[in-house]
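In: Got a predicted structure here, sequence first:
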Amino acid sequence: MDDHEAALDRAHAQALAWLASLGERAVPATASIEDVVARLGTALPDGPEDAVDVIDLLATACEPGLTAMPSGRFFGFVIGGTHPAALAADWLTSAWDQNAGLRLVTPAHSAVEDVTESWLVDLLGLPIGSAVGFVTGGTMANFTGLAAGRDEVLRRAGWDVAADGLVGSPGVRVLVGAERHDTVDLALRYLGLGSPEAVAADEQGRVVTDALRAALESGDGRPTMVVLQAGNVHSGAFDPFQEAIPLAHKHGAWVHVDGAFGLFAAASPARRHLVAGYELADSWATDAHKTLNVPYDCGLAIVRDRSALRAAMGMHGDYLIHDAAGEPFDKVPEISRRGRAIPVWAVLRALGRDGVAELVDRLCTHAAAMAKGIGEIDGSEVLNDVVFTQVCATFGDDERTRGVVSGLLDDGTAWMSGSRWHERAVLRVSVSNWSTTEADVERSLTALRAVAAG
């Protein structure tokens, strides 16, 4: 065997061993950072080493320091275990090693991206012709949609950001829900727009329409963007798109929807009502490495107006081989050196339209079972009024709630994260793994009951 074959065979064997361990292993890592460093060794070797030996060292040194995030019992964050088709496609993507930024240079990737873009727009019920950029995650997806919005609303006001920058511009006013995700603020900071103006949200984190109306009507004349949310990080709640988006458009605002995990409610006939009206927005952000269960990192930035996206993201250089149809890098904030669309294509092809809907419904069913089981624990309180894929609960006072979170991690059977919501310590459960089963849910609830009982 040549070097590639031997190293890949060993990596394949180590990967299968890892995946086979997920059903029974403890979810938290059993080794510290210092432990793994010691196993890896701190001295850079003077000479070369065999690739197979390097792979074996990496796998054996890191294995005890790995958290079983692909396990069906990991509910700590919205992190899906990779679908087999997506994982295998990602391996091929690495082996092909294409610079995927130019259409004509990498026709295979360009074809996959074109097909995947069309499938996603159709699956999510978004306007035909919307552009999809494959980015690193939710933060960059928000950044991309908001960059297109920033430039467009300033263009309408007679200001060219590309030519003149932001200094001296009319500025942009950004209205957000009081419970938006922190990555929205981060993206706005990257864009030079500073802190947004928060609009009141209800007890589940949904924007209050009357508060949004009042904020829009009290505008100071600056071009405006409104950021709405599909899936609150604690409650899973969705903003009232049918009322809020036309209201924002009436005032000339660009509307962006942050839907890191909630956007895929649109793929399920049983859950589509949660996003009713969201297709009226101007841009959307979501993650494929969440609900679609593709490997990290892969976010989706979707913009209705392709020309607005291209104006914000496009780059031109005489040395580049341009296609009149536009380039993949015209839709993202970086020239992609990796074909992120390929694993997305693979999982969509493997599941099909019905399979994606069933996946979303299964995640919601498991979340509802979690909410029911937690609610039956003595002294608990589930805080969600509608369960999508998130569950938030308390166990009496903050001290006991934090103790339950800590005790569950010590137990190791399942991982559910702690957080703080509405000035209270909470247990937060996120259901996102395609491989989670009813048995995983019940096993995790059994452990939680035991910890909560003391």
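Out: That came in fine, so what should we check first? From a predicted model like this one, the values you see are computed outputs, not experimental measurements.
In: Specify the helix with the largest residue count in this structure.
Out: Assignment by DSSP state H gives helix 341-375 as the longest helix of the chain.
In: Domain ranges for the protein, per the record?
Out: Split into domains by automatic domain parsing, the chain comes to 3-66, 88-347, 354-453.
In: need the contact list for Gly76.
Out: Met69, Trp415, Met416, Ser417, Ser430 (C-beta atoms under 8 Å, 6 or more residues apart in numbering). Just so you know, the C-beta spots here come from the backbone N, C-alpha and C atoms, and that holds for glycine as well.
In: Wait, a strand at the first one?
Out: Just to be clear, that refers to Met69. No. Checked against DSSP: H, G, I helix; E, B strand; the rest coil, Met69 lies outside a strand; its state is coil.
In: Kindly provide the distance from it to Trp415.
Out: Distance, Met69 to Trp415, using C-beta to C-beta, to the nearest Å: 8 Å.
In: So for these two, which sits in the more crowded spot?
Out: Trp415 (25 against 17; other C-beta atoms under 10 Å).
In: quick one: that one and Thr67 touch, right?
Out: Yes. Counting by C-beta atoms under 8 Å, Trp415 touches Thr67, with 7.3 Å between them.
In: Overlap of the contact sets of those two?
Out: Contact criterion C-beta under 8 Å, 6+ apart; residues shared by Trp415 and Thr67: Val27, Pro28, Phe74.
In: Which secondary structure state is assigned to the first one?
Out: Judged by three-state DSSP, the three-state class of Val27 is coil.
In: any idea how far Pro269 is from it?
Out: Using C-beta to C-beta, Val27 is found at 33 Å from Pro269.
In: more crowded one of these two?
Out: A count of neighbours by other C-beta under 10 Å puts Val27 above the other of Val27 and Pro269, at 24 against 11.
In: residue contacts, that one?
Out: Residues in contact with Val27 (C-beta under 8 Å, 6+ apart) are Thr67, Ala68, Ser71, Arg73, Phe74, Gly412, Thr413, Ala414, Trp415.
In: with these in mind, which one is nearest to Leu309?
Out: Phe74 (34.4 Å; C-beta to C-beta).
In: Surely that closest one is in contact with Gly412?
Out: No. In this structure Phe74 lies outside contact range of Gly412 using C-beta under 8 Å: 11.4 Å.
In: more crowded one of those two?
Out: Set Phe74 next to Gly412 and count neighbours by other C-beta under 10 Å: Phe74 wins out with 27 against 16.
In: State the number of residues packed around Phe134.
Out: Here the number of neighbours of Phe134 (other C-beta under 10 Å) works out to 27.
In: so where does Thr286 fall, helix or strand?
Out: Thr286 is part of strand 283-287 when elements are defined by DSSP states H and E.
In: Centre of the chain to that strand, how far?
Out: Centre-to-centre, strand 283-287 and its host chain are 9 Å apart (C-alpha atoms, centre = their mean, to the nearest Å).
In: List the strands paired with that strand, with their directions.
Out: Strand 283-287 has the following sheet partners, assigned by DSSP bridges: strand 254-258 (parallel), strand 299-303 (antiparallel).
In: okay, those in JSON lines with mean pLDDT next?
Out: Converted to JSON lines, the strands paired with strand 283-287 look like this (pLDDT from 0 to 100):
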{"stretch": "strand 254-258", "mean pLDDT": "98"}
{"stretch": "strand 299-303", "mean pLDDT": "97"}
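In: Nearest to Val347 among the ones you listed would be which one?
Out: When these are compared (using C-beta to C-beta), the closest one is strand 299-303, at 12.6 Å.
In: after the closest one, next one along is what?
Out: Sequence-wise, the next helix or strand downstream of strand 299-303 (DSSP H and E) is helix 306-313.
In: buried residues in that following helix?
Out: Arg306, Ala308, Leu309, Arg310, Ala311, Ala312, Met313 (16 or more other C-beta atoms under 10 Å).
In: what's the spacing between the fifth one and Val121?
Out: Ala311 sits at a distance of 20 Å from Val121 (criterion: C-beta to C-beta).
In: And the contacts of the helix or strand hosting Ala214?
Out: Element membership for Ala214, per DSSP H and E: helix 209-217. For helix 209-217, the external contacting residues (C-beta under 8 Å, 6+ apart) are 175, 197, 199-200, 224, 226, 240, 243-244, 247-248, 250-251, 253.
In: Give me the subset of these lying in helices.
Out: The members of the contacts of helix 209-217 that map onto helices under DSSP H are Glu243, Ala244, Leu247, Ala248, Lys250.
In: give me every residue that touches the spatially most central residue of the chain.
Out: Geometric centre of the chain, nearest residue: Asp287, 3.2 Å, by C-alpha atoms, centre = their mean. Contact partners of Asp287, counting by C-beta under 8 Å, 6+ apart, are Val78, Gly137, Gly138, Ala141, Ala260, Phe261, Cys298, Gly299, Leu300.
In: what do you get if the cut-off is 10 Å, keeping everything else the same?
Out: Shown in contact with Asp287 (C-beta atoms under 10 Å, 6 or more residues apart in numbering): 78-80, 135-139, 141, 259-261, 263-264, 294, 296-300, 432.
In: Buried ones among those?
Out: Buried residues within the contacts of Asp287, counting neighbours by 16+ other C-beta under 10 Å: 78-80, 135-139, 141, 259-261, 263-264, 294, 298-300, 432.
In: Give me the subset of the residues you listed lying in helices.
Out: Cross-referencing the buried ones among the contacts of Asp287 against helices under DSSP H gives Gly138, Thr139, Ala141.
In: Closest one of those to Val54?
Out: Taking those together and measuring to Val54 by C-beta to C-beta, the closest member is Thr139, at 32.3 Å.
In: Might one say that Asp323 is in contact with Arg103?
Out: Yes. Applying C-beta atoms under 10 Å as the test, Asp323 and Arg103 come out as touching, 4.1 Å apart.
In: sorry, back to before: can you put the strands paired with strand 283-287 in JSON lines and add distance to Glu49?
Out: Listed next are those as JSON lines, based on distance: least, C-beta to C-beta, whole Å:
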{"stretch": "strand 254-258", "distance to Glu49": "45"}
{"stretch": "strand 299-303", "distance to Glu49": "36"}
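In: Those strands: which one's closest to Thr60?
Out: Thr60 lies closest to strand 299-303 among the strands paired with strand 283-287, at 32.2 Å (C-beta to C-beta).
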